[in-house]
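Trainee: Sharing a model that was predicted from the sequence below.
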Amino acid sequence: MRRAGVAPGLPTSMLNFLGIGAQKAGTTWLYEMLRLHGDILFPAGKEVHFWDAHRDAGIEWYESQFAGGPQGRKNGEITPAYAILPLEAIREVHAFNPALRLIFILRNPVERAWSSALMALARAEMTIDEASDQWFADHFRSAGSLQRGDYEQCLRNWRSVFPAGQLLLLRFEMIGTDPRGLLRQCCRHLEVRADALESVPDEILARKAFASPEYPIRESLREVLHRIYDARIERLGAYLQADLTEWTRGG
């Protein structure tokens, strides 16, 4: 069957996997680690942003980014903005490659929202002392931040199009507690050698990548964040049948 929007005669897609999120949940670290695997390639770099921002470049252009290359390698890209793609766009991703493997890293949405706000602060060339509690609260409640922290809706959207078995869920905490175990899970999901990254030195695994400045959450803002997210965390836990209470105020 011809894929929607793809001209006849083009070679079969060589894109094998997508990292779809979450923003500020270790995706750059994951990219840096996976690119050390001899059977995993990122021909176009980490973030292509085709499906959320550059579809006007044309599907043929996107496909060309992953054409050719050594046989037997797995090609991918990791663009956290894909987590919040609308259903129509997710269906187009599926039409492009129904067998695509997906990776999603879950991070405590309270911490994710704080980290995202710190990133926005730096981009605004502001210091943390220049940002009022109201500035932070407004950022937490912005549509973009709320949407990126609504993991349940993101997962429901993707799982409504792709089989659940094609979407690997990982926990951000594992990057700190068991990075090798996390990478083994990724390798098995991508069907490449699971032991290929075992020799990566501990100091490389411990490197932080594209991390926001490390400031603890202001106590005056912690209550604001938990009011926003505690109920969402409870619903997410019920949806995933997972105990996420450690992310809530009572955890």
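Mentor: Okay, I see it.
Trainee: Which helix in the protein has the most residues?
Mentor: Across the chain, the longest stretch assigned as helix under DSSP state H is helix 219-240.
Trainee: Now tell me what touches that helix from outside.
Mentor: The contact list for helix 219-240 (C-beta atoms under 8 Å, 6 or more residues apart in numbering) reads 108-110, 113-114, 133, 136-137, 140-141, 146, 149-152, 155-156, 169, 217, 242-245, 247-249. All C-beta spots, glycine's among them, are computed from the backbone N, C-alpha and C.
Trainee: how about 7 Å then?
Mentor: With contacts defined as C-beta atoms under 7 Å, 6 or more residues apart in numbering, helix 219-240 is touched by 109-110, 113-114, 133, 136-137, 140, 149-152, 217, 243-244, 247-249.
Trainee: Any idea how many residues pack against Tyr215?
Mentor: Tyr215 has 12 neighbouring residues, counting by other C-beta atoms under 10 Å.
Trainee: residues contacting it?
Mentor: Leu118, Ile128.
Trainee: Show me where the protein has its strands.
Mentor: For the chain, strands defined by DSSP state E occupy the ranges 15-21, 40-41, 74-78, 101-106, 167-171.
Trainee: Could you list every helix and strand in contact with the last one?
Mentor: It stands for strand 167-171. strand 101-106, helix 179-190 (3 or more C-beta pairs under 7 Å, 6 or more residues apart in numbering; DSSP states H and E).
Trainee: picking up where we left off before, could you give the angle of the longest helix of the chain to strand 101-106?
Mentor: 140 degrees (axes from the mean of the first three to the mean of the last three C-alpha atoms, to 10 degrees).
Trainee: check contacts around Pro80.
Mentor: Gly21, Ala22, Gln23, Thr27.
Trainee: does the last one really touch Ile78, like I thought?
Mentor: Yes. Shown here, Thr27 and Ile78 form a contact pair, counting by C-beta atoms under 7 Å, at 5.1 Å.
Trainee: Can you tell me which of the helices and strands packed on strand 167-171 is most buried?
Mentor: strand 101-106 (a mean of 23; mean count of other C-beta atoms under 10 Å).
Trainee: quick one: strands adjacent to it?
Mentor: Strand 101-106 sits in its sheet next to strand 15-21 (parallel), strand 167-171 (parallel), going by DSSP bridges.
Trainee: Pull the residues that contact that strand.
Mentor: By C-beta under 7 Å, 6+ apart, the list of residues contacting strand 101-106 reads 16-22, 25-27, 30, 83, 151, 155, 158, 162, 166-172, 186, 189-190.
Trainee: If any of those residues are buried, give me the ChimeraX selection for them.
Mentor: Only the buried entries of the contacts of strand 101-106 go into this ChimeraX selection, using 16 or more other C-beta atoms under 10 Å:
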select :16,17,18,19,20,21,22,25,26,27,30,83,151,155,158,162,166,167,168,170,171,172,186,189,190
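Trainee: residues near Arg222, how many?
Mentor: Applying other C-beta under 10 Å, we find 14 residues neighbouring Arg222.
Trainee: how close does it get to Ala120?
Mentor: As judged by C-beta to C-beta, to the nearest Å, Arg222 and Ala120 stand 18 Å apart.
Trainee: cool, Phe50 as well?
Mentor: Here the criterion is C-beta to C-beta. By it, Phe50 lies 24 Å from Ala120.
Trainee: higher neighbour count, these two?
Mentor: The neighbour comparison of Phe50 against Ala120 (other C-beta under 10 Å) goes to Phe50, with 23 against 18.
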